[in-house]
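# let's see this in three dimensions:
(one chain, ligands or ions: 1)
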Amino acid sequence: MSGLFGKLLDLLYPPKCAFCRRPVPGSRMLCPDCEGKLPRPSAADAVRYDIEHLALCRFPLYYTGTVRESLHRYKFRGAAAYCRIYAELMAGCLSGEQAGFDRVTWVPLSRNRLRTRGYDQAKLLAEETARLLGLPCERLLEKTRNNRAQSGTGSVQERYENVKGVYRCVKAPAGERILLVDDIVTTGATLSAAAAELTAAGAASVTGLTVAGSARNRDKTTEENGDSGNADF
Ligand SMILES: [Zn+2]
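A predicted model of the protein is given here:
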């Protein structure tokens with residue numbers, strides 16, 4: 001938002017930090033306090049290599065505490081504006097690597113879910129991140145059916161079964177290096193299912209990028225309660 005109208009809106013509704021919800025100076029939705037305190041993985045822990053069909057997956061934040069609460073507001077309480085600060089953090093953890101990608105895409109919501117939620121949270125993240133990185137962004141996948149909520153499923157294996165075959169490629173990314181965006185990575189089942197489709201359709205490589213994640217088997221509580229990837233519940 002810019003111009004006089006934007007300034008008026010900022011006066012009436014001062015922007016709040018996306019994490020602690022205190023008013024912030026300016027329009028960046030991250031307060032200096034949270035900037036210093038956010039749970040950021042070390043460089044070595046901010047990347048996962050264990051997800052099938054993905055070259056790797058990066059994330060700037062751990063899925064815990066205020067990050068978890070913030071993402072919940074983003075996904076279920078209409079805080080769509082958070083996509084800007086999330087994308088800034090996501091683009092930051094790819095700094096210098098954007099030349100390694102031809103296109104950005106996202107793990108889509110089902111049509112039903114989109115209708116009730118009003119926005120596709122992964123699409124907003126993909127578009128905003130692509131803009132910051134100077135890369136093209138395009139829908140390459142659709143969700144063909146409503147699977148059960150990932151958070152409501154049990155074991156890692158059940159999560160993989162639950163998302164098997166739910167994504168379909170709507171445009172073949174032949175020979176392209178794809179950056180696949182989602183909001184959260186925990187087991188990696190959702191990203192893996194989406195990446196499998198892109199690979200089958202000819203993508204040269206698929207790299208994951210999410211707002212938050214858990215290190216592999218780092219925290220069992222996170223794995224069990226976390227809404228893996230595009231949890232869709
Ligand atoms: Zn804050």
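# what does the chain put close to the ion?
17, 19, 20, 31, 34 (Cβ under 5 Å from the ion). All C-beta spots, glycine's among them, are computed from the backbone N, C-alpha and C.
# turn these into a markdown table, including secondary structure.
Output for the residues of the chain next to the ion, formatted as a markdown table (DSSP: H, G, I helix; E, B strand; the rest coil):
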| residue | secondary structure |
| --- | --- |
| 17 | coil |
| 19 | coil |
| 20 | coil |
| 31 | coil |
| 34 | helix |
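# export the residues you listed to CSV and tack on neighbour count?
Below are the residues of the chain next to the ion laid out as CSV (neighbours: other Cβ atoms under 10 Å):
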residue, neighbour count
17, 20
19, 24
20, 15
31, 20
34, 20
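# from the residues you listed, which is closest to residue 81?
Nearest to residue 81 out of the residues of the chain next to the ion is residue 17 (Cβ to Cβ; 11.8 Å).
# quick one: residues contacting the spatially closest residue to residue 62 that is not a sequence neighbour.
Leaving aside its chain neighbours, residue 62 sits nearest to residue 39 (4.0 Å; criterion: Cβ to Cβ, 6 or more residues apart in numbering). Residue 39 makes contacts with 61, 62, 64, 65, 67, as judged by Cβ atoms under 8 Å, 6 or more residues apart in numbering.
# the third one and the ion, how far apart?
Looking back up the chat, that one is residue 64. 15 Å (Cβ to the ion, to the nearest Å).
# likewise for the first one?
Counting by Cβ to the ion, the gap from residue 61 to the ion is 13 Å.
# next up, phi/psi of that residue, please.
phi -140, psi 150 (degrees, to the nearest 10).
# and it, what does it touch?
Applying Cβ under 8 Å, 6+ apart to residue 61 gives the contacts 38, 39, 40, 41, 67, 89, 211, 212, 213.
# same thing but at 7 Å, please
Neighbour list for residue 61: 38, 39, 40, 67, 89, 211, 212 [criterion: Cβ atoms under 7 Å, 6 or more residues apart in numbering].
# the fifth one is in contact with residue 60, isn't it?
By that I understand residue 89. Yes. Assessed by Cβ atoms under 7 Å, residue 89 is found in contact with residue 60 at 4.2 Å.
# can you list residues touching both of these two?
With contacts defined as Cβ under 7 Å, 6+ apart, no residue is shared by residue 89 and residue 60.
# of these two, which one has the most company?
Neighbour count, other Cβ atoms under 10 Å: between residue 89 and residue 60, residue 60 has more, with 23 against 19.
# ok, now how distant is that one from residue 213?
Residue 60 is 9 Å from residue 213, where distance means Cβ to Cβ, to the nearest Å.
# and residue 81, which of the three is it?
Secondary structure assignment for residue 81 (three-state DSSP): helix.
# give me the below-cutoff pLDDT ranges for the protein.
Within the chain, the segments meeting pLDDT under 70 span 1-2, 9-10, 148-153, 216-233.
# quick one: the spatially most central residue of it from residue 200, how far?
Central residue of the chain (Cα atoms, centre = their mean): residue 183, 2.1 Å from the mean position. To residue 200, residue 183 is 24 Å away according to Cβ to Cβ.
# isn't residue 14 right up against residue 23?
Yes. Between residue 14 and residue 23 there is a contact under Cβ under 7 Å: 4.3 Å.
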